[in-house]
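A.B. asks: Can you look at this prediction? I've put the sequence above it.
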Amino acid sequence: MYFLAFISSVFEQSTPILLAALAAMITLRANILNVAVEGMMLIAAFTAIAVGDATQSAWLALLSAVGVAIIFSQLLAVLTLRFQADFIVAGLGINLLGAGVTLFMLEWFYESPGGLRPTEFPDLWHIPSTPSFYIPVFSGMSIIVVIALLMVPVSYLFLYHTPTGFYLRAVGEDEHAARSAGIRVGAMKALAVGISGLLSGLAGAQLAMDKLHFFLPDMTSGRGFVGLAATLFGNGLPGMTTFAAFLFGFFGALGDRLQAFNIPSEFVLMLPYVAAVLGLTFARWRAYRRARPAKIERA
Amino acid sequence: MFHHLKAFGRAVGAPLGAIICTLAIGFAIVAAISDDPVLAYHELLFANFASLSNFALFLNRATPLTLIALGVIFSFRAGVFNVGGEGQLYVGAISAAVVGVGLSQLPAPILLPISILAGVLAGAFLGWIPAVLKVRLAVDEVVTTLMLNIIALLLTSYLANNVIRDGTAYGAVSKLVPDGIWLPSIPGIPGASIAFPAAVILAFLSWVVLFWTPWGARLRASGVNLRFAEAIGVAADKYVISAMLIAGGFGGLAGALYVLGIGHRFDQNFSPAYGLVGLTCALLARVHPLGALATSLFYAMMLNGAAYMQISTEVPRSLVNLLTGLLVLLMTARLRRVRRA
């Protein structure tokens, strides 16, 4: 029972990271290092709570969160593709803008800089725990968790079994060759960034809407970057990326449990980030080992 | 002479354009939400000079921004996209605080340099980690520096809450460092730490080192093209690591000088994202040390002025956060259409 609760917690913690990782993965395959995932998640979380509070409708909140994230992603796309902005700087700019806009809205519109805590908030659809439906681990999961898990095979199919996915990967592999072949590079990159926005929006909505039902400034706390780390760890492959995301989520959930054992909370909170750095290092180390030339024997 | 002026104009044009654009958009926002936008902007920009104490606060804010920006400049010039300023700032601050509080029985003339050195070394260490990973294993430094920021902040929170915590104060603050090692003020401007003139001097020194010494030239060569640099005999790896040690050192110095000169203690919430804003200042100045001094002063003006603006006109201070994001986006976009290669 305790173990099942832990597994549920792992799924819950991993989902925003998984969605962020998939978001980063799609753009990575188009040769974009999308650091804006964090900012898009944050703005989506805020929108979810704000709209949910105003309309008391979970679906509207979810849709608007994803919509706003996509809008921000297209802002990034326009700046980088049309105006030749640097992807990383612009991504950081989006993060700053997201943090600034949410803080500004909190201070000006809601006059509550500490956070937005609606008194009543609608619930997402969760997998029901009725006896006929009861699968121990899956019951109680929000719909976004379900969508996230479905997104893993969907992203695989998209990247490897659709023409658009193929073009996207081509753009990532060799932009000039893709352009010569007639692939519209700008459109592909914009699409990648847009999908990234959609997934980040889901991640942010999940973070705010699943159990918490409130918004705090800097709520995402670097989860977007952990997702980015998971993608880099998995080298942009769906399987490894998912594994890495769950690994990092596992450490996050473990951290919550360890707090009960008198280990200082800060070290426990550090675990996913340390895991991300170690994981990246390990992945690069493996690549380094494999790429090393064989020892040349002296004659 | 005229040629130099034109080159300067071209260099300054884009960032200046971005700043003006951002201020204009900000003015539009303020006009939409406040009855007296002119007053709001007046407070935002000029209240810094209204009184000596305001001015002192403004200089104090400019100091960490300048130092972090200088560090970022060294790392960027060596080709490293170092986003770790915040973490380096924090570990520098906590190290100076821990040393200052822990070794308080030492006489001040010894304790002061040791505290500063502790801060610098801590920051340098935090910069060394991503550098070594990048150079040996090609681990992307953007992600490692970002992760290390978060790890560093959690570490300092632990230390501030548990090891050197001041039980009498509210929140995650450390005990005061012994007043023998508090930095003096600038003569004539009470409250403004002497760290600011130090930062200005370091800015000039950085400019000289980067642009007028062979070492600086080799560092910049490593940044422009790593393989080319190695081909002409520049040990680019070493320069990358040195640059990150310097960058981390600057961040650590910023933290140490802040703790010793301004807060006199470590406060977990002392930084309004100085790291990221310092990075912005460096980029806005096109990673030029003297330009960074100018942009840091401009930013400090806005950061400090935001509080005055909120007091007089109820325009929220976070407007500056919003404008910061806009500024970063605008400054990296290029308005002139570049012909595709």
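C.D. replies: Okay, I see it. Given the structure is predicted, the values throughout are model-derived calculations rather than measurements.

A.B. asks: use CA for all of it now, contacts and neighbours both
C.D. replies: Noted.

A.B. asks: how about the strands of chain B, start to end?
C.D. replies: Taking DSSP state E, the strands of chain B run over residues B:185-186, B:189-193.

A.B. asks: buried ones in the last one?
C.D. replies: Read it as strand B:189-193. Residues of strand B:189-193 classed as buried: B:191-193 (neighbour count, 16 or more other C-alpha atoms under 10 Å in any protein chain shown).

A.B. asks: The chain: helices as residue ranges?
C.D. replies: Since you didn't name a chain, this refers to chain A. Applying DSSP state H to chain A gives helices spanning A:2-29, A:37-55, A:58-77, A:87-108, A:143-161, A:163-173, A:175-180, A:185-209, A:223-233, A:238-258, A:265-291.

A.B. asks: oops, I was thinking of chain B
C.D. replies: B:2-33, B:37-46, B:52-77, B:85-102, B:108-137, B:141-158, B:195-212, B:214-224, B:226-231, B:236-258, B:274-284, B:289-313, B:318-332.

A.B. asks: Export those helices to a markdown table and append columns for mean pLDDT and distance to residue A:61.
C.D. replies: Shown next, in a markdown table, are these (pLDDT from 0 to 100; distance: least, C-alpha to C-alpha, whole Å):
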| stretch | mean pLDDT | distance to residue A:61 |
| --- | --- | --- |
| helix B:2-33 | 82 | 26 |
| helix B:37-46 | 83 | 33 |
| helix B:52-77 | 91 | 38 |
| helix B:85-102 | 91 | 34 |
| helix B:108-137 | 91 | 39 |
| helix B:141-158 | 88 | 30 |
| helix B:195-212 | 92 | 48 |
| helix B:214-224 | 87 | 46 |
| helix B:226-231 | 72 | 48 |
| helix B:236-258 | 92 | 41 |
| helix B:274-284 | 88 | 31 |
| helix B:289-313 | 88 | 31 |
| helix B:318-332 | 87 | 23 |
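
A.B. asks: closest to residue A:249 out of those helices?
C.D. replies: Set against residue A:249 and scored by C-alpha to C-alpha, the helices of chain B come closest in helix B:141-158, at 15.1 Å.

A.B. asks: Look up how far residue A:142 lies from the residue nearest to residue A:283 when sequence neighbours are not counted.
C.D. replies: Excluding the flanking residues, the one nearest residue A:283 by C-alpha to C-alpha, 6 or more residues apart in numbering or on different chains is residue A:233, at 5.8 Å. Relative to residue A:142, residue A:233 is positioned 27 Å away (C-alpha to C-alpha, to the nearest Å).

A.B. asks: For chain B, which residues are neighbours of chain A?
C.D. replies: When proximity is defined by C-alpha under 8 Å from any C-alpha of the partner chain, chain B lies next to chain A at B:133, B:137-139, B:143-144, B:146-148, B:150-151, B:154-155, B:157-158, B:315-329, B:332-338.

A.B. asks: filter these to the buried ones?
C.D. replies: Among those, the ones that count as buried by 16+ other C-alpha under 10 Å are B:133, B:137-139, B:143-144, B:146-148, B:150-151, B:154-155, B:157-158, B:315-329, B:332-334.

A.B. asks: Make JSON lines out of the helices of chain B and add distance to residue A:89.
C.D. replies: Shown next, in JSON lines, are the helices of chain B (distance: least, C-alpha to C-alpha, whole Å):
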{"stretch": "helix B:2-33", "distance to residue A:89": "14"}
{"stretch": "helix B:37-46", "distance to residue A:89": "26"}
{"stretch": "helix B:52-77", "distance to residue A:89": "12"}
{"stretch": "helix B:85-102", "distance to residue A:89": "15"}
{"stretch": "helix B:108-137", "distance to residue A:89": "19"}
{"stretch": "helix B:141-158", "distance to residue A:89": "11"}
{"stretch": "helix B:195-212", "distance to residue A:89": "23"}
{"stretch": "helix B:214-224", "distance to residue A:89": "17"}
{"stretch": "helix B:226-231", "distance to residue A:89": "21"}
{"stretch": "helix B:236-258", "distance to residue A:89": "18"}
{"stretch": "helix B:274-284", "distance to residue A:89": "9"}
{"stretch": "helix B:289-313", "distance to residue A:89": "17"}
{"stretch": "helix B:318-332", "distance to residue A:89": "7"}
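
A.B. asks: out of those, nearest to residue A:99?
C.D. replies: Ranking the helices of chain B by proximity to residue A:99 (C-alpha to C-alpha) places helix B:318-332 first, at 7.4 Å.

A.B. asks: for that closest one, packing partners?
C.D. replies: When contacts are defined as 3 or more C-alpha pairs under 8 Å, 6 or more residues apart in numbering or on different chains; DSSP states H and E, helix B:318-332 packs onto helix A:87-108, helix B:2-33, helix B:274-284, helix B:289-313.

A.B. asks: and the closest residue to residue A:195 other than its chain neighbours, how many residues sit next to it?
C.D. replies: Setting aside the residues directly before and after it, residue A:195 is nearest to residue A:23 in space (C-alpha to C-alpha, 6+ apart), at 6.8 Å. Neighbour count for residue A:23, taken as other C-alpha atoms under 10 Å in any protein chain shown: 30.

A.B. asks: Tell me how far residue A:23 lies from chain B.
C.D. replies: Between residue A:23 and chain B the computed distance is 16 Å (C-alpha to the nearest C-alpha, to the nearest Å).

A.B. asks: same question, residue A:59
C.D. replies: Distance from residue A:59 to chain B, counting by C-alpha to the nearest C-alpha: 28 Å.

A.B. asks: Repeat that for residue A:4.
C.D. replies: Distance from residue A:4 to chain B, counting by C-alpha to the nearest C-alpha: 29 Å.
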